[in-house]
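# got a predicted model here, sequence first, then my questions.
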Amino acid sequence: MSHTLPLFPLHVVLFPGRPLPLHVFEPRYRELLDDCMAADRRFGVVAIRYGRAERGRADVYSVGTVAEIVRVERLDDGRSNIVTRGAERFKITQLLQDGPYLQAQVELLEEEPADARLAPFVSLLRTHLEAYLQDIGAGEPLVGRLPANPSALAWLAACAAELQLSEQQLLLEIDSLAERLRTTIRFLRREHSLLRRLGHVTVLRPQGPAGATLN
């Protein structure tokens, strides 16, 4: 079924289940926020392939994630700080350029159900993720709270690893849960190996993508 969804083009990939804080101050995005709050509190986050959204020349990827507005802090000057959480993935079928902000006709992408055959991949990913978190100094608070759901575990690992935006987008676009788990394991192994070779410890962003500013 097709839906019309307001879009925030960002230099960020939002994964399902992961939080994303945003600072909203440009007039068109203030209007988008007002419209969302008056409706279902949902909009779409799409990563920018190239270009700049503020100049109206951004080329966006065709697969994004629905963001549900969890909290809004209105500031005296009209700006807002909001916290959102990723929900379903979607695929853009048609961009709608009319109006003050970008909208699109989208189809929501169903998540493949977990299967017992995924157990070896889930176990391997959990092992690699626990080791990675321990090495970057974030093990204690997170290891005991790793999600049991295979898809949620994969999204968390994708956030934890320092991946390029294009690699994060690749993971977002994979429909097969088994393939997504395999690819996440491959990326995490690479990042962990690089981390150990460099003897470098980074700061984990366990909450998801870094906060973005919508200007």
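On my side now, so go ahead. Residues are numbered from 1 along each chain as shown.
# list the residues that contact the closest residue to Glu111 other than its chain neighbours.
In this structure, Glu111 finds its nearest non-sequential neighbour in Ser151, 5.9 Å apart by CB to CB, 6 or more residues apart in numbering. (C-beta placed from N, C-alpha, C; glycine too.) Listed by CB atoms under 8 Å, 6 or more residues apart in numbering, the contact set of Ser151 reads 16-17, 111-112, 114, 177, 180.
# now the strand ranked longest in the chain: buried residues?
Assignment by DSSP state E gives strand 80-96 as the longest strand of the chain. Neighbour-count burial for strand 80-96 flags 80, 82-92 (criterion: 16 or more other CB atoms under 10 Å).
# sort out which one of these lies nearest Ala67 for me.
Distance to Ala67 across those (CB to CB) is lowest for Thr84, with 3.9 Å.
# from Glu68, how far off is the closest one?
For Thr84, the distance to Glu68 (CB to CB, to the nearest Å) stands at 6 Å.
# and Glu191, backbone torsions?
Backbone torsions of Glu191, given as degrees, to the nearest 10, read phi -70, psi -40.
# just checking, Leu96 touches Val106?
No - with contacts counted by CB atoms under 8 Å, Leu96 stays clear of Val106, the gap being 10.3 Å.
# joint contacts of those two?
Here Leu96 and Val106 share the contacting residues Thr4, scored by CB under 8 Å, 6+ apart.
# before we move on, back to that, pull the one helix or strand the residue nearest to Glu111 maps to out as CSV, backbone CA atoms only.
Under the criterion of DSSP states H and E, Ser151 resides in helix 150-160. Below are the C-alpha coordinates for helix 150-160, written out as CSV (Å, rounded to 0.1, in the frame of the first residue of the first chain):
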residue,chain,number,x,y,z
PRO,A,150,18.2,-10.6,15.2
SER,A,151,17.1,-7.6,13.3
ALA,A,152,17.4,-5.2,16.2
LEU,A,153,20.9,-6.7,17.0
ALA,A,154,22.0,-6.1,13.4
TRP,A,155,20.8,-2.4,13.5
LEU,A,156,22.6,-1.9,16.8
ALA,A,157,25.8,-3.3,15.4
ALA,A,158,25.5,-1.1,12.3
CYS,A,159,25.2,1.9,14.6
ALA,A,160,28.1,0.9,16.8
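# buried sites along it?
Under the neighbour-count criterion of 16+ other CB under 10 Å, helix 150-160 has 150-151, 153-160 buried.
# from what I see, Asn81 and Leu75 are in contact.
Yes - counting by CB under 8 Å, Asn81 touches Leu75, with 7.1 Å between them.
# how is the chain divided into domains?
2-111, 116-198 (automatic domain parsing).
# and the longest one, how far from the chain's centre?
Domain 2-111 has its average C-alpha position 11 Å from the chain's average C-alpha position, going by CA atoms, centre = their mean, to the nearest Å.
# now the terminal residues of it, how far apart.
This stretch, domain 2-111, spans 17 Å end to end (CA to CA, to the nearest Å).
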